[in-house]
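> The amino acid sequence is not available; the structure is as follows:
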C-alpha cells in the first residue's frame, strides 16, 4: 500500500474524531441567558461582576454536579486600566458538561461570614445537557 493510500483513511478517521467534539464554548454572564442547553463535553464559562473588597463574594451554592464538572475555582480579575484600589472586576468559573440530564447552577452574592443574611444577589440558571 502506498503512503498516499494510507494517509486518506487516517485523515478521514481524524476528521471524524474532530466532528465528535463540541462545536464551541459557551459564555454566560447574564441570568437572562438561562435556561441553558449544552451538549456533553462543552465548556461553560460563567463570568459575573464582582468586587470582593466590599466583603461580598459569589458563593457557589449548587454547582449542578449531576450534569457539570468544575474545571476551575473562582478566578477574580479587575481591569488593569481602572487604576483604582477597590475597583470592581469579575469572577469567572469554568465548568464542563459531563453527563446528559438537568441541573441547576446556583450562586449567591453575600458576605461569607454572615450566611444567615439574605444574599444581595442570586444567580440561578437551569442547565440541560444533551
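On my side now, so go ahead. Given the structure is predicted, the values throughout are model-derived calculations rather than measurements.
> quick one, strands of this structure?
26-28, 36-38, 43-50, 57-63, 68-77, 89-97, 101-110, 121-129 (DSSP state E).
> Out of those, which one sits most buried?
strand 89-97 (a mean of 20; mean count of other Cβ atoms under 10 Å). The C-beta positions use only the backbone N, C-alpha and C, and glycine is treated the same way.
> and it, what's its mean pLDDT?
Averaged across strand 89-97, pLDDT comes to 94.
> Which other helices and strands does that strand contact?
strand 43-50, strand 57-63, strand 68-77 (3 or more Cβ pairs under 8 Å, 6 or more residues apart in numbering; DSSP states H and E).
> Mind listing residues that contact that strand?
Under the contact criterion Cβ atoms under 8 Å, 6 or more residues apart in numbering, strand 89-97 has outside partners 22, 38-51, 57-58, 60, 63-64, 67-79, 105, 127, 129.
> what lines up beside that strand in the sheet?
Note on strand 89-97: by DSSP bridges, its sheet partners are strand 43-50 (antiparallel), strand 68-77 (antiparallel).
> Out of those, the one nearest residue 122 is which?
Each of the strands paired with strand 89-97 was scored for nearness to residue 122 using Cβ to Cβ, and the closest is strand 43-50 (11.0 Å).
> tell me the angle of the closest one relative to strand 57-63?
Angle, strand 43-50 to strand 57-63, by axes from the mean of the first three to the mean of the last three Cα atoms, to 10 degrees: 150 degrees.
> roughly how far is strand 43-50 from the heart of the chain?
Between the centre of strand 43-50 and the centre of its chain there are 6 Å (Cα atoms, centre = their mean, to the nearest Å).
> before we move on, back to that, output the strands paired with strand 89-97 in TSV; the columns should cover mean pLDDT and distance to residue 120.
Putting the strands paired with strand 89-97 into TSV (pLDDT from 0 to 100; distance: least, Cβ to Cβ, whole Å) gives the following:
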stretch	mean pLDDT	distance to residue 120
strand 43-50	94	12
strand 68-77	93	17
